[in-house]
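[1] Provided below are the primary sequence and the corresponding predicted coordinates.
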Amino acid sequence: MPVNTAVFVTVCTEDLLPDDLKTYFLEDPLRFVTGLEAVEAVEIYVPAQGEVPRMDDIPAPAISVQIDLNSAAAAKAMVSDAAFKRLFSEVDSLAKRVKRITLEIVEPVHYPLPGYPTPPPRTAAMSFVVRYYGPTKNLSDFVNFYTENHPPLLAQFPGIRNVLCYLPLDWDRKEAVVNDDLVIGNEVVFGDLDALNHALDSDILAAVMADSEKFADYGYSSHHAMDRVAAYRRD
């Protein structure tokens, strides 16, 4: 069954190392989610090391865990489970050292690339992770404009391997976002950090930035280069 919903759990802290958090999530939390029939894959993102691009002043999260499921109903049931809350969002053993844990339930959309009849699978390990947050006056207008205009520009980056957007559930039935909830997520994937930096040094970036000037007003955005590893994939 195709994956059509993703849950992102993102931990922001300056007091815990990404490797320590990765070890934590690969133990009991991973065992819990992989025991659920609806879970198709789990991937873990940690901050890239090296000359990472800086497009804002928001510190990178220490870790982000993506859990792919085969339905929105299954995703909602999972995040409501007491065991999930204890392992992923309360994290008693870490809570005193964690600044913030955010939870996002989204629909992943893969976009076509030049030369590919269908979007290729995401296998390369370097993800440039972008999030836009509210407030914004009309969520559906923002998402429609973004998805119609921005992914085709991003697909022109040299060395691009994937272009994805992450759409909040029920985005097309919601009006204003009055707080700093997610408006839309975006991810462009490259073979490595050098390839990402080469793409951002290309002429395509000017067109991408010009398009971003046309976005409706929103609260703020974040841009982070993250190394992504597969922790689980259902056969």
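    Noted; the coordinates are in hand. Residues are numbered from 1 along each chain as shown.
[2] so who does residue 142 touch?
    By C-beta atoms under 8 Å, 6 or more residues apart in numbering, the residues touching residue 142 are 132, 136, 183, 184, 215, 216, 218. Glycine gets a C-beta too; all of them are placed from N, C-alpha and C.
[3] out of those, which are buried?
    132, 136, 183, 184, 215, 218 (16 or more other C-beta atoms under 10 Å).
[4] Now do the fourth one, the pLDDT please.
    On the pLDDT scale, residue 184 is placed at 98.
[5] What of the first one?
    Note on residue 132: pLDDT of 98.
[6] Touching the strand or helix carrying it from outside, list them.
    Assessed by DSSP states H and E, residue 132 sits inside strand 126-133. Outside strand 126-133, the residues that touch it by C-beta under 8 Å, 6+ apart are 45, 48, 53, 64, 142, 146, 180-193, 195-196, 215, 218-228.
[7] Mind listing what's buried along the longest helix along the chain?
    Determined from DSSP state H, the single longest helix within the chain is helix 139-154. Judged by neighbour count (16+ other C-beta under 10 Å), helix 139-154 contains these buried residues: 139, 142, 143, 146, 147, 150, 151, 153, 154.
[8] Can I get stretch 146-155 as CSV, trimmed to CA atoms?
    C-alpha atoms of stretch 146-155 as CSV (Å, rounded to 0.1, in the frame of the first residue of the first chain):
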residue,chain,number,x,y,z
TYR,A,146,3.7,27.3,-3.5
THR,A,147,3.1,23.9,-5.0
GLU,A,148,2.2,25.2,-8.4
ASN,A,149,5.2,27.5,-8.7
HIS,A,150,8.1,26.5,-6.4
PRO,A,151,8.7,22.8,-7.1
PRO,A,152,9.3,23.2,-10.8
LEU,A,153,12.0,25.8,-10.1
LEU,A,154,13.6,23.7,-7.4
ALA,A,155,13.7,20.8,-9.9
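[9] related to what we said a few turns ago, could you flag which of the contacts of strand 126-133 are buried?
    Of the contacts of strand 126-133, these count as buried by 16+ other C-beta under 10 Å: 45, 48, 53, 64, 142, 146, 181-190, 193, 195-196, 215, 218, 221-228.
[10] residue ranges of the strands in the protein, please?
    Along the chain, counting by DSSP state E, strands occupy 5-12, 39-47, 63-69, 100-111, 126-133, 162-168, 182-190, 220-233.
[11] what would the contacts of residue 142 look like in TSV with distance to residue 116?
    Formatted as TSV, these follow (distance: C-beta to C-beta, whole Å):
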residue	distance to residue 116
132	26
136	32
183	28
184	23
215	27
216	30
218	30
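[12] So which of the residues you listed is the closest to residue 165?
    Closest approach to residue 165 among these (C-beta to C-beta): residue 184, at 6.2 Å.
[13] Pretty sure residue 151 is one of the things that closest one touches, is it not?
    No - using C-beta atoms under 8 Å, residue 184 is not in contact with residue 151; the gap is 10.9 Å.
[14] Mutual contacts of the two, please.
    residue 165.
[15] what sits against residue 53?
    Residues near residue 53 by C-beta under 8 Å, 6+ apart: 128, 196, 197, 200, 223, 225.
[16] Closest one of these to residue 159?
    Distances from residue 159 to the contacts of residue 53, taken by C-beta to C-beta, are shortest for residue 196, at 8.0 Å.
[17] For the closest residue to the closest one other than its chain neighbours, give its distance to residue 159.
    Closest residue to residue 196 apart from its sequence neighbours, by C-beta to C-beta, 6 or more residues apart in numbering: residue 190 at 4.4 Å. Distance from residue 190 to residue 159, counting by C-beta to C-beta, to the nearest Å: 6 Å.
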